[in-house]
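A.B. asks: Dropping the sequence and predicted coords here.
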Amino acid sequence: MQPRLHTPHDGGESDPARIDLGRFRGLLKSRVGTSDFEHWFRDRTSFRLDGEEVVVGVASPFLLNWMQSNFRSAANDVARELFGPSVRSRFEVDPTLHVAPPKPETTPLRRRKRQRTDAPARKRPGRRFRDLTDLVEGDCNRLALTAAKRVCTDPRNGCNPLLLFGGVGTGKSHVLEGIHRRLRRDHGSLDVSYVTGESFGNYFVEALKNHTLPGFRKRFRSVDVLLVDDVDFFDGKKVIQEEFLNTVKHFESTGTQLVVSAARHPRLMAKVGDELSTRLVSGIACRMESPDPETARRIVEHKSLRMKLNVSPEVLDHVARRFRGSVREIEGALGCLETWCEMTKRRVALGDARRLLTELERDCVRVVRMSDVEKVVCRFFGVEADELKSARRHRVVSQPRMLAMFLARKLIGASYSEIGRHFRRNHTTVLNAERTVNGWVADQETVVVSAQQWTMQDVLVTLERELAG
């Protein structure tokens, strides 16, 4: 039975991973020839399993360049033959090996002609997964963190599927990485796989092109927990959606835990099929939002302590007030102050912070245009731009039109006449639209979006967040 590459083992001689690495050496020896294997691999290399890769360690950058040039193809062939079509080999420098590189004149003539003169390849660092404990908890993410911890505690009976959605910089990827790290630590026997939506799609396209779909499906459907970051990538990609939908169906039948993240609720992905979107929200759907003032202050304090930033409490308060759009904005602001500290060798005073961060905010201001408002409203409600400007007064068109006029007035500050000209209306119509939307919000009116009831307040918050993103 082949080992699950996502969870390599460190056991004794009977460990399946060790056994199959022994088979890998044997097959590689037969592929490259006994003479080359004894000269280049025996007592000169190390082998280990890392995710979907067989890593071959070599003793020096010189050897790394040479081995990649001459043996990568053979190693890839053996990896696919032994572990499956999606598995690859990777060569890297292993600092535990202390073998002197062979002299150039000992290189066989048939190899010497193929030797590259490139600069030594650098060791590729592995992915570092963040921990759940590094994410500051607050009202903006408490539900998501609670659900994530439940999955980590009992992955076979957790929240399935678990969907995390929200704007950029709200911590979705952090939570997925934290789940992966915690599961690998506390449930080492489980096969846990983390992949981005783009990587899933790329693997699928490659398998489709190479006629290796059975291996692709075995790879993703045989895991115990699958974490997929940014399923928005599937929007508009029908064939990839169908493959992922079949994977979700398989997980439902086997009870396999699925955790996914998205920038938007699946119902708001215009080109995602109903069957997939309904299955993604059939478990627990958790919105992750920008940090509230209290949480932002604690995030700033937490990150400044880790950075050992020499600033006053007033500076931290200023950063928390001005940069609440996302955690990334906070990190960017603190990074700016840290660089200034290193440059001047001084403690950041409140006046310095105000000056530095005002310049940063000015450089990052996003200008919202009338066309942006129109595009976002049309996408949210599934109407065409020409319909907003038409004479139609049906509710499915008039409501989005009034909301678009309201947002143009609020976010752009355009005059009633300017907004009216854009939507082919007069200034009185725009003024009435503004009053009507304010009335809807005050009266907690609702609107149907994709067969679900939304309050007007939630609609406006969602639209404004997308325009700010």
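C.D. replies: Looks like it came in fine.
A.B. asks: only C-alpha atoms for contact and neighbour calcs from this point on.
C.D. replies: Fine.
A.B. asks: Quick one: neighbours of the spatially closest residue to Arg31 that is not a sequence neighbour, just the number.
C.D. replies: Excluding the flanking residues, the one nearest Arg31 by C-alpha to C-alpha, 6 or more residues apart in numbering is Ala74, at 6.6 Å. Ala74 is flanked by 15 other residues according to other C-alpha atoms under 10 Å.
A.B. asks: what about Ala74, helix or strand, and which?
C.D. replies: Using DSSP states H and E, Ala74 maps to helix 61-83.
A.B. asks: what's the spatially most central residue of the chain sitting at in phi/psi?
C.D. replies: Central residue of the chain (C-alpha atoms, centre = their mean): Asp229, 4.2 Å from the mean position. With angles defined as degrees, to the nearest 10, Asp229 sits at phi -90, psi 130.
A.B. asks: who's in contact with the residue nearest to it when sequence neighbours are not counted?
C.D. replies: Using C-alpha to C-alpha, 6+ apart and skipping the chain neighbours, the partner closest in space to Asp229 is Thr196 (4.5 Å). The contact partners of Thr196, taken as C-alpha atoms under 8 Å, 6 or more residues apart in numbering, are 228-231.
A.B. asks: Mind checking what helix or strand follows the least confident helix or strand in the chain by mean pLDDT in sequence?
C.D. replies: Across the helices and strands of the chain, mean pLDDT, DSSP states H and E gives its lowest value to helix 109-112, namely a mean of 41. The helix or strand immediately downstream of helix 109-112 is helix 142-153, counting by DSSP H and E.
A.B. asks: how distant is that following helix from the center of its chain?
C.D. replies: 18 Å (C-alpha atoms, centre = their mean, to the nearest Å).
A.B. asks: now stretch 21-29
C.D. replies: In this view, stretch 21-29 has its centroid 35 Å away from the chain centroid, taken as C-alpha atoms, centre = their mean.
A.B. asks: which of the residues in it are buried?
C.D. replies: Within stretch 21-29, the residues scored as buried using 16 or more other C-alpha atoms under 10 Å are 21, 24-25, 27-29.
A.B. asks: From those residues, which land in strands?
C.D. replies: Per DSSP state E, strands hold no members of the buried residues of stretch 21-29.
A.B. asks: Strands along this structure, start to end?
C.D. replies: Under DSSP E, the chain gives strands at 46-50, 53-58, 88-93, 162-165, 192-196, 225-229, 257-262, 284-287, 446-449, 452-455.
A.B. asks: what residues does the last one touch?
C.D. replies: Contacts of strand 452-455 with the rest of the structure, by C-alpha under 8 Å, 6+ apart, involve 441, 444-448.
A.B. asks: Helices of the stretch 151-300 of the chain, residue ranges please.
C.D. replies: 172-186, 197-210, 213-221, 238-254, 274-280, 293-307 (DSSP state H, counting those that start in this stretch).
A.B. asks: Using CSV, write out every CA atom in the shortest one.
C.D. replies: Output of helix 274-280 as CSV, limited to C-alpha atoms (Å, rounded to 0.1, in the frame of the first residue of the first chain):
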residue,chain,number,x,y,z
ASP,A,274,-26.5,26.5,-7.4
GLU,A,275,-25.7,22.9,-6.5
LEU,A,276,-22.1,23.7,-5.5
SER,A,277,-23.0,26.9,-3.7
THR,A,278,-25.7,25.3,-1.7
ARG,A,279,-23.4,22.4,-0.7
LEU,A,280,-20.7,24.8,0.5
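A.B. asks: any weak-confidence spans in the stretch 101-250 of the chain?
C.D. replies: When residues are selected by pLDDT under 70, those of the stretch 101-250 of the chain lie in 101-127, 158.
A.B. asks: let's see 80
C.D. replies: Applying pLDDT under 80 to the stretch 101-250 of the chain flags the ranges 101-128, 157-158.
A.B. asks: care to break the protein down by domain?
C.D. replies: In the domain annotation for the chain, the residue ranges read 16-112, 132-287, 293-363, 370-468 (automatic domain parsing).
A.B. asks: Let me know which of those is tucked in deepest.
C.D. replies: domain 132-287 (a mean of 19; mean count of other C-alpha atoms under 10 Å).
A.B. asks: Endpoints of it, how far apart?
C.D. replies: Start and end residues of domain 132-287 are separated by 17 Å (C-alpha to C-alpha, to the nearest Å).
A.B. asks: likewise stretch 445-459?
C.D. replies: For stretch 445-459, the separation between the terminal residues is 11 Å (C-alpha to C-alpha).
A.B. asks: Then stretch 152-172?
C.D. replies: In stretch 152-172, first residue to last residue: 16 Å (C-alpha to C-alpha).
A.B. asks: how far is it from where the chain is centred?
C.D. replies: 13 Å.
A.B. asks: got it, and stretch 68-80?
C.D. replies: How far stretch 68-80 lies from its chain's middle: 30 Å, per C-alpha atoms, centre = their mean.
A.B. asks: on that earlier part again, how much space between the residue nearest to the centre of the chain and Glu464?
C.D. replies: To Glu464, Asp229 is 24 Å away according to C-alpha to C-alpha.
A.B. asks: cool, and Ala433?
C.D. replies: Ala433 is 17 Å from Glu464, by C-alpha to C-alpha.
A.B. asks: How about residues contacting stretch 269-282?
C.D. replies: 160-163, 232, 234-238, 241, 245, 248, 266-267, 379-380, 382.
A.B. asks: before we move on, the earlier item: hang on, isn't the residue nearest to Arg31 packed against Val32?
C.D. replies: Yes. Using C-alpha atoms under 8 Å, Ala74 is in contact with Val32, at 6.9 Å.
A.B. asks: Next, format the strands of the chain as CSV and append distance to Met402.
C.D. replies: Shown next, in CSV, are those (distance: least, C-alpha to C-alpha, whole Å):
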stretch, distance to Met402
strand 46-50, 55
strand 53-58, 55
strand 88-93, 55
strand 162-165, 27
strand 192-196, 38
strand 225-229, 35
strand 257-262, 28
strand 284-287, 27
strand 446-449, 13
strand 452-455, 15
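A.B. asks: if we can go back for a sec, need the buried residues of stretch 21-29 in CSV with pLDDT, can you?
C.D. replies: CSV is the format used below for the buried residues of stretch 21-29 (pLDDT from 0 to 100):
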residue, pLDDT
Leu21, 80
Phe24, 85
Arg25, 87
Leu27, 87
Leu28, 88
Lys29, 87
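A.B. asks: and of the residues you listed, the nearest to Val223?
C.D. replies: Leu21 (20.6 Å; C-alpha to C-alpha).
A.B. asks: The closest one is in contact with Arg48, isn't it?
C.D. replies: Yes. With contact defined as C-alpha under 8 Å, Leu21 counts as touching Arg48 (7.3 Å).
A.B. asks: pull the CA atoms of stretch 29-44 into PDB?
C.D. replies: Only the C-alpha atoms of stretch 29-44 are listed here, as PDB (Å, rounded to 0.1, in the frame of the first residue of the first chain):
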ATOM      1  CA  LYS A  29      19.100   2.900  -9.500                       C
ATOM      2  CA  SER A  30      17.600   0.800 -12.300                       C
ATOM      3  CA  ARG A  31      16.600   3.900 -14.100                       C
ATOM      4  CA  VAL A  32      19.900   5.800 -14.100                       C
ATOM      5  CA  GLY A  33      22.200   2.700 -14.100                       C
ATOM      6  CA  THR A  34      24.200   1.100 -11.300                       C
ATOM      7  CA  SER A  35      27.400   3.000 -12.100                       C
ATOM      8  CA  ASP A  36      25.900   6.400 -11.900                       C
ATOM      9  CA  PHE A  37      23.800   5.600  -8.900                       C
ATOM     10  CA  GLU A  38      26.800   4.300  -6.900                       C
ATOM     11  CA  HIS A  39      28.900   7.300  -7.900                       C
ATOM     12  CA  TRP A  40      26.300  10.100  -7.500                       C
ATOM     13  CA  PHE A  41      23.600   8.900  -5.000                       C
ATOM     14  CA  ARG A  42      25.100   6.200  -2.700                       C
ATOM     15  CA  ASP A  43      26.300   7.800   0.500                       C
ATOM     16  CA  ARG A  44      26.000  11.200  -1.100                       C
END
